[in-house]
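Novice: Generate coordinates for the sequence data below:
(chains A, B, C, D, E and F, ligands or ions: 5)
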Amino acid sequence: MSMTEETPIPKRPSGFWSYANPVKFLGFSERVLPALCWLSGLCLVVGLIWGFFFTPDDFRQGSTVKIIYLHVPSALMAINAWFMMLVASLIWIIRRHHVSALAAKAAAPVGVVMTLIALFTGAVWGQPMWGTWWAWDPRLTSFLILFLFYLGYMALWAAIDDPDTAADLTSVLCLVGSVFAVLSRYAVNFWNQGLHQGASLSLDKEENVADVFYFPLLVCIAGFVLIFLALVLYRTGTEIRLRRTRALQAREEARS
Amino acid sequence: MKALLRRDLILAIRAGGGFGLGLAFFLIVTVLVPFGVGPQSELLSRIAPGILWLGALLACLLSLDRLLALDWEDGTLDLLATSPLPLEAALSIKALAHWITTGLPLVLAAPVFGVLLSLPQPGYFWLVISLVLGTPALSVIGTFGAALTVGVKRGGLLMSLLVLPLYVPTLIFGAEVARRGAEGMQTTTPLLMLAGITLGVIAIMPFASAVALRVNLR
Amino acid sequence: MKALLRRDLILAIRAGGGFGLGLAFFLIVTVLVPFGVGPQSELLSRIAPGILWLGALLACLLSLDRLLALDWEDGTLDLLATSPLPLEAALSIKALAHWITTGLPLVLAAPVFGVLLSLPQPGYFWLVISLVLGTPALSVIGTFGAALTVGVKRGGLLMSLLVLPLYVPTLIFGAEVARRGAEGMQTTTPLLMLAGITLGVIAIMPFASAVALRVNLR
Amino acid sequence: MMPDLGKYADAVLSAYGVSLLLLVLLVVWTLRQGRRARRALQEVEKRSKRDG
Amino acid sequence: MTLTIRDLCVARGGLPVLEGLNFSLAPGQALILRGPNGSGKTTLLRTLAGLQPPLSGEIIAGEDQIAYAAHSDGLKAMLTVAENLTFWADVFGQRDIETAIDAFSLDPLRDRLAGTLSAGQKRRLGLARMLITGRPIWMLDEPTVSLDVDAVALFASAVRAHLGAGGAALIATHIDLGLEAEVLDVTPFRAAHDARLGASDEAFL
Amino acid sequence: MTLTIRDLCVARGGLPVLEGLNFSLAPGQALILRGPNGSGKTTLLRTLAGLQPPLSGEIIAGEDQIAYAAHSDGLKAMLTVAENLTFWADVFGQRDIETAIDAFSLDPLRDRLAGTLSAGQKRRLGLARMLITGRPIWMLDEPTVSLDVDAVALFASAVRAHLGAGGAALIATHIDLGLEAEVLDVTPFRAAHDARLGASDEAFL
Ligand code: HEM
Ligand SMILES: Nc1ncnc2c1ncn2[C@@H]1O[C@H](COP(=O)(O)OP(=O)(O)OP(=O)(O)O)[C@@H](O)[C@H]1O
Ligand SMILES: Nc1ncnc2c1ncn2[C@@H]1O[C@H](COP(=O)(O)OP(=O)(O)OP(=O)(O)O)[C@@H](O)[C@H]1O
Ligand SMILES: [Mg+2]
Ligand SMILES: [Mg+2]
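Specialist: Ligands and ions are numbered 1, 2, ... in the order given. The predicted model follows:
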């Protein structure tokens, strides 16, 4: 008596979950990637050129406002990348779709680079504005902590051979880490009230930056979101191929 | 459960003075700080609460390394996992044993080291209180880190990397209590936060640790 | 000899990023200090040179733990001791590998961490110089500590205890160079002392380490 | 063509330079990894088809 | 109390190593696992002991029935022989360690630190631990490694006594134990690798 | 190249375990050490390999003649089989690892990380290391632990080839290796414990 007769054949997943199948996912990403790449490139080029060449200087900050077109989008994406990893980790833990675990793995390096860009542009901005490269402002500090979480997460992936074990452990780390990241945010706020700018994108018109800065900023944010998506899709594909290569090689080895 | 606690304590004593070594590390960090930053006592007394907390944290961290590693290497963890003791309980006990051998001596010795760094008078009481409340959280969070990295070669440093960001909230509130205490300010809010973190962590972390350890034993 | 160096480096890379982790620990110590002592940048910039040196020292120390321990546990040391390679040479090579994987990255990263602690402008140059001269001594002395404690269970902490006092002279002169540099003072004397210590230690320590290791292998 | 950045030229230019460099490095690294993975997979797949 | 295995497939490192295993182990029965190096005996025992999940198939056994002894014995070098045994007795809720000490004639070594024992003496201590678990089904992975002839005989009689008391044993070994027991050669069950791969890799093929 | 032992007394943990040993090992000769668990075989081999000093007596052997294989193999889990062997070849100033790989049929495992091998495969790798040392006198402590029948035969033929090429071997084992060699039972040489104590304790009597 064989296994398949006893257990009911699982229903073919349809809709969204069908992309949990690596092959299907590869097909999908192959189809949307070119469009995504062009679009993200377009947004970035338009947004950054608009921001850099065709916006006036701020009356207080002078030409340094131009840094906002890199700083704010990268800061947003740094946080959102972690959030995406959290969701992907949850999906892996609950439904055990491999693509989801690999997507989390693929997103981490992109997230780190975003964090680095945010930190660097912030530091460069801080020098003329606050007179120092670095201040232990809560926002900056929690970003540094986020950076550490990214490093730990990637180091854990790198340290473990078995891909499923690595996926499980990093997922647990991501969950626990998220809780502690939120806690840290509160702790840091309590520890030091800061210098940093408030939210500039809130709908509250009072607080908002002027429209001249606002529209190119939106385009840049769109560009960063799109390039993040493109990179994560592409990298997930790479991870899937690596896993497939591994599996095939293992089979070959076993046969010989 | 009692057996595991007893065994861990005996081992800590026999295997080269488990009680003393965390302490010794704490001592040495405290002693090295003046060599590093210079001997001005006004400067030292300002940084004393923070450095003492940091030293305690690092001493904890360093001794985490072998919390599970030895039991992993000689196969004890495999056998414990197949024993009637639930893994969550075993890990809680191990965290407790770690606290007794590391955290507790640190708490008791901290006032003495405070003298070395010319901690201001009112600071002693609050330093001890904050360490009593905070160090259990350090042990429990550390156990989680150890469970995550137990199968990994060179796990020691990787574990530090994973655990230290998790220590941030505890450190901030703990050092804040000690610092405010030393400067004679209100300590209620950070004290409550510290206690909250410790209780929450004790209640929840062992489950996460057990999940991680089960994955690693697989 | 080259084979041993190559193997140690490969192992450091394969076994979970040996290069990155000492660095990560350094980063984290630097990051935690402000949480402990508070965020005032004027205070931080005063203690920065000392804390950076201390952080580098601790990062070195933590990674010493497994410098010989892994090779001991799986019997490699027994086999190396019966091989044609003199033990002194083997230990020097291991110290070199340790410096390449730990000391060198620390030196390169120290200026970045200086920014975090608002190190004053002229300090960067002297910090790097002092670390370049000082960290090899840390690796060599550390190898001696590792050789002394290699057979001992829970050797990690015991080793810290033994090694830290040996690190004191290096730390004093190293931090002094960095501090004086940061404050724009003369640095010649401590710099010469630091260089002297490092050269002496490199010339003599491997013999002591080999003796200690031979005793432990017995 | 070049806008006048005033005394903050260093800051703005280095921010743009380093950020774009980091982005480009990330993209190049990603593409190289992807190409290599693709090639390795193709090789293995060809072999496994041939061997049946 | 019978252990039944149905159509089991076990994997190591994501690759199936044994598949289509069907057997059962009744009280009083011993089963010897044989098979060349790397055929998957250790993997099978670990799976049955619950340390890793099977790829597919069923393992039917009561709760808390299985005691497992691996290559490494889980001995603490810094505890004495008696303390090591007492610890495991406490963990398994037993009291009596004397039977185990007698069965493997450990009495002269009782107060020696486990770290100072010779290879064979350590192994004897590791085996004595099985008696202390009080569990009916023993899983032993190469139990007689480094034992001398006398110690092998001690071991064989301990197993016989265990079987006589209604226990069961599954033993992986390469040498002859002098036990009258059924032998299961795992060689025919080695996984045909092209048929299917590990659960985790399968998704990628 | 002959190894000669005169009136040797070896100690472990400060206590003498074997005394009055006299034998010699000529090129082409193998000697099997036997003796019950804890009789001191491991201690004797470690002493001869130069890892610990003898209590008294003489060991006459050329420099750098002895290759020693202990219970643990000194394998790095994170290096592949070939890398492990290459490392030791470099240390011993040899080039060729192929002979060793062939002798223990490690070729299919060549690129596997040593950490993922089964117990017997690891052991085979550990034994292959002996061939790589290029040294004439082998000291082997229970070399066939966890080896299956085929692997034991491989080992025996490797030893035979080594002897044929003028090497010598001293092997401690409890089981039959299928080698035609002299046997030395160490039991008669066990130290009478009341007679004398370890060198380090003697000073206090
Ligand atoms: C190393 C230094 C800095 C870091 C790590 C940093 C980090 C961040 C972060 C995390 C955000 C939040 C993005 C979001 O949640 O929407 C942000 C936004 C922002 N930052 Fe910075 N920042 C730094 C320095 C600066 C400086 C010096 C300035 C200007 C004087 C600045 C101006 C802004 C502005 C205007 C925003 C937009 C606020 C918003 O949209 O929420 N930042 N930065
Ligand atoms: N990570 C891995 N990747 C691929 N194969 C692996 C991995 N880990 C183990 N294996 C293989 O799994 C197989 C089963 O190993 P196992 O330890 O169960 O064998 P065994 O029957 O106990 O052998 P022995 O008699 O030598 O102890 C071996 O061929 C081993 O090489
Ligand atoms: N620290 C110590 N104090 C007292 N006796 C010790 C100490 N260390 C080892 N011994 C004893 O020395 C004896 C010799 O041990 P050795 O490992 O050489 O035996 P062996 O012949 O290799 O045994 P096996 O066949 O079990 O491997 C053993 O009886 C052991 O118990
Ligand atoms: Mg096995
Ligand atoms: Mg022995």
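
Novice: from the chain's centre, how far out does the helix or strand containing E:L44 sit?
Specialist: Here E:L44 is covered by helix E:41-48, with elements defined by DSSP states H and E. The chain centre lies 9 Å from the centre of helix E:41-48; the measure is Cα atoms, centre = their mean, to the nearest Å.

Novice: partners of the residue nearest to the spatial centre of chain E in the sheet?
Specialist: Centroid-nearest residue in chain E, with Cα atoms, centre = their mean: E:L140, separated by 2.0 Å. Going by DSSP bridges, E:L140 is paired in beta bridges with E:A69, E:I171.

Novice: Contact partners for it?
Specialist: Neighbouring residues of E:L140 by Cβ atoms under 8 Å, 6 or more residues apart in numbering or on different chains: E:L45, E:A69, E:L127, E:M130, E:A169, E:L170, E:I171, E:A172, E:T173. Any C-beta I mention is one placed from the backbone N, CA and C, and that applies to glycine too.

Novice: And for the residue of chain E found nearest ligand 4, the neighbour number?
Specialist: Chain E approaches ligand 4 most closely through E:T42 (3.2 Å), counting by Cβ to the ion. E:T42 has 22 neighbours, counted by other Cβ atoms under 10 Å in any protein chain shown.

Novice: which residue sits closest to it, ignoring its sequence neighbours?
Specialist: Excluding the flanking residues, the one nearest E:T42 by Cβ to Cβ, 6 or more residues apart in numbering or on different chains is E:D141, at 5.6 Å.

Novice: Name all residues that make contact with the closest residue in space to E:S56 that isn't next to it in sequence.
Specialist: Excluding its sequence neighbours, the residue lying closest to E:S56 (Cβ to Cβ, 6+ apart) is E:C9, at 4.7 Å. Counting by Cβ under 8 Å, 6+ apart, E:C9 makes contact with E:P16, E:L18, E:E19, E:G20, E:L21, E:P54, E:L55, E:S56, E:G57, E:A191.

Novice: State the three-state secondary structure for the nearest residue to the third one once chain neighbours are set aside.
Specialist: Nearest residue to E:E19, sequence neighbours excluded (Cβ to Cβ, 6+ apart): E:C9, at 4.0 Å. For E:C9, the reduced secondary structure class is strand; criterion used: DSSP: H, G, I helix; E, B strand; the rest coil.

Novice: so for the helix or strand hosting E:S157, what's the average pLDDT?
Specialist: Assigned by DSSP H and E, E:S157 belongs to helix E:149-164. Averaged across helix E:149-164, pLDDT comes to 89.

Novice: Quick one: check that helix for contact with ligand 3.
Specialist: No. Using Cβ under 6 Å from any ligand atom, helix E:149-164 stays clear of ligand 3, coming no nearer than 8.5 Å.

Novice: Is that helix positioned near chain F?
Specialist: Yes. Using Cβ under 8 Å from any Cβ of the partner chain, helix E:149-164 reaches chain F at E:V149, E:D150, E:A151.

Novice: With stretch A:163-183 instead?
Specialist: No. Judged by Cβ under 8 Å from any Cβ, stretch A:163-183 stays clear of chain F, getting no closer than 12.9 Å.

Novice: and that stretch, how far out from the chain's middle?
Specialist: 15 Å.

Novice: before we move on, what about stretch A:115-127?
Specialist: 17 Å.

Novice: and A:V172, how many neighbours does it have?
Specialist: 21.

Novice: Tell me the pLDDT of it.
Specialist: pLDDT recorded at A:V172 is 94.

Novice: wait, what's in contact with E:L44?
Specialist: Counting by Cβ under 8 Å, 6+ apart, E:L44 has contacts E:L8, E:V10, E:L18, E:L21, E:L33, E:A172, E:V186.

Novice: Now do the second one against B:R218, distance only.
Specialist: This means E:V10. Distance of E:V10 to B:R218, given as Cβ to Cβ, to the nearest Å: 12 Å.

Novice: show me what contacts A:G122?
Specialist: With contacts defined as Cβ under 8 Å, 6+ apart, A:G122 is in contact with A:H71, A:A75, A:L140, A:F143.

Novice: Highest neighbour count among those residues?
Specialist: When neighbours are counted by other Cβ under 10 Å, A:H71 leads the contacts of A:G122 with 25 neighbours.

Novice: Would you mind giving the secondary structure of it?
Specialist: Under three-state DSSP, A:H71 comes out as helix.

Novice: What residues sit buried inside the helix or strand hosting A:S40?
Specialist: Using DSSP H and E, A:S40 sits within helix A:22-53. Neighbour-count burial for helix A:22-53 flags A:22, A:25-26, A:29, A:36-37, A:39-40, A:43-44, A:47-48, A:50-52 (criterion: 16 or more other Cβ atoms under 10 Å in any protein chain shown).

Novice: which helices and strands sit right next to that helix?
Specialist: With contacts defined as 3 or more Cβ pairs under 8 Å, 6 or more residues apart in numbering or on different chains; DSSP states H and E, helix A:22-53 has these neighbours: helix A:68-95, helix A:98-130, helix A:211-255.

Novice: what about that helix, distance to the chain center?
Specialist: So, by Cα atoms, centre = their mean, the centroid of helix A:22-53 is 15 Å from its chain's centroid.

Novice: So for that helix, mean pLDDT?
Specialist: Here the average pLDDT along helix A:22-53 is 86.

Novice: Same question for stretch A:120-140.
Specialist: Stretch A:120-140 shows a mean pLDDT of 82.

Novice: so what secondary structure elements neighbour the helix or strand that A:F190 is a member of?
Specialist: A:F190 is part of helix A:163-191, with elements assigned from DSSP H and E. Secondary-structure packing of helix A:163-191 (3+ Cβ pairs under 8 Å, 6+ apart): helix A:68-95, helix A:98-130, helix A:138-159, helix B:123-149, helix B:155-182, helix B:188-217.

Novice: for those, which one sits closest to ligand 5?
Specialist: With Cβ to the ion as the measure, helix B:188-217 is the member of the helices and strands packed on helix A:163-191 nearest ligand 5 (29.2 Å).

Novice: which of the residues in the closest one are buried?
Specialist: For helix B:188-217, burial by neighbour count (16+ other Cβ under 10 Å) applies to B:190-191, B:193-194, B:197-198, B:201-202, B:205-206, B:208-213, B:215-217.
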